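Asker: Okay, structure incoming, though there's no sequence with it:
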């Protein structure tokens, strides 16, 4: 997914766009509808989807896909009246003197659903044995949702990358400033300025009204290839450099081998000068081919503005990967000939820092895993709403460390009402 490359999300949705918590997952929808994020408004789920459907009908949007622990398609045809006179203003803040009733109540006047908890339904005639207990059902919900954590994500949904609108576009200067020095778990679209809200809405309206198709470039394939080619090797290199070996020579040899493996497709052996330490210009073509290998063949004139942003994202990511590998290779090229053990340990320390900086900057989901790996009858899972993650407003202190969960005990954690 584009998020793996810091390229943003899919149009106005996010991967937890149905999660009702105050930690920012609803920000993009609030910005679209109201131009700001108001404390506590994330709880108003019914009016939010009605507002989105009202807004989207002028653009021919027939439904919205929303994510939490699963995938749901919400159809505008089931929620809005057919009369165009009832449509609301386009992309304007909504004001109401009275709240709308629930979706079901709006479709069936007088129908009232009593608040829970409700009585357990009886068993079907002829049923034998037990039903799934509540904690097992909630555990299986988590397990089903976790299947979409890595590429290709939800295979039943095809994204149009040529129209992908991203809040990571550097043109949103207020968001760039708000992210400076902040951990990525604290990044909030709600920090956007009024000026940038206007830019976002303008681009979104332009994208939704565009009839032309994109270039046809398979962006998900390019992005997944970048991650697949480097994620595992960078993780091995990081683990190896920070490992428990006390043999500096062994660490240097195998780290050098890992770097050489990643750079080999771009090396021109014939260009290596006799004195590679004082003359490093031979490495410039290597860096160029490495950083442009995934995009140099693309039909740039046919790319939409959104596709150009994706290309720029891939180029920036590859440039930083290749720069880091170049720093390591400049040291490692003749490191096997070093005799000084202290000098080898200095290289290991330097390389460890460089690789950590790169991986922290990339922040790929492939590295969010349980270490050590879970056992045969366990599942690795991140804390998530509404189970073992908090869900108050304002944002609480949450640990995002994944943990092993027993497939036998099937305890999802969380509030007592889940048990």
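Answerer: Good, I have the coordinates. Predicted model only: the values in this text are computed from it and were never measured.

Asker: next SSE after the one helix or strand in the chain whose mean pLDDT sits lowest?
Answerer: Every helix and strand in the chain was compared by mean pLDDT, DSSP states H and E; the lowest is helix 103-107, with a mean of 41. Downstream of helix 103-107, the first helix or strand assigned by DSSP states H and E is helix 134-146.

Asker: Regarding stretch 176-183, how distant is the last residue from the first?
Answerer: Stretch 176-183 has an end-to-end distance of 13 Å (criterion: Cα to Cα, to the nearest Å).

Asker: Tell me how many other residues surround residue 351.
Answerer: Neighbours of residue 351 under the rule other Cβ atoms under 10 Å: 25. For every residue, glycine as well, the C-beta is placed using N, CA and C.

Asker: swap that for residue 154, sorry
Answerer: Applying other Cβ under 10 Å, we find 15 residues neighbouring residue 154.

Asker: Let me know the pLDDT of it.
Answerer: You'll see residue 154 listed with a pLDDT of 73.

Asker: helix, strand or coil for it?
Answerer: coil (DSSP: H, G, I helix; E, B strand; the rest coil).

Asker: can you check the one 4 residues further on too?
Answerer: When states are read from three-state DSSP, the local structure at residue 158 comes out as coil.

Asker: Poorly predicted segments of the chain, please.
Answerer: Along the chain, the model assigns pLDDT under 70 to residues 1-20, 68-117, 152, 271, 273, 276-277, 388-399, 413-419.

Asker: one more time with 80
Answerer: 1-23, 40, 42-43, 66-121, 147-157, 185, 269-280, 383-400, 411-419 (pLDDT under 80).

Asker: residue ranges of the strands in it, please?
Answerer: 63-67, 71-75, 378-381, 403-406 (DSSP state E).

Asker: Redo those strands as a markdown table? Include distance to residue 139.
Answerer: Output for these, formatted as a markdown table (distance: least, Cβ to Cβ, whole Å):
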| stretch | distance to residue 139 |
| --- | --- |
| strand 63-67 | 19 |
| strand 71-75 | 18 |
| strand 378-381 | 8 |
| strand 403-406 | 7 |
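
Asker: Looking at those, which is nearest to residue 212?
Answerer: Residue 212 lies closest, by Cβ to Cβ, to one member of those: strand 63-67, at 23.2 Å.

Asker: tell me how far that closest one is from the chain's mean position?
Answerer: Chain-centre distance of strand 63-67: 16 Å, with Cα atoms, centre = their mean, to the nearest Å.

Asker: from now on call the first residue 13
Answerer: Done: numbering now begins at 13, and the last item shifts to strand 75-79.

Asker: Direction included, what does that strand pair up with?
Answerer: Sheet pairing of strand 75-79 (DSSP bridges) gives strand 83-87 (antiparallel).
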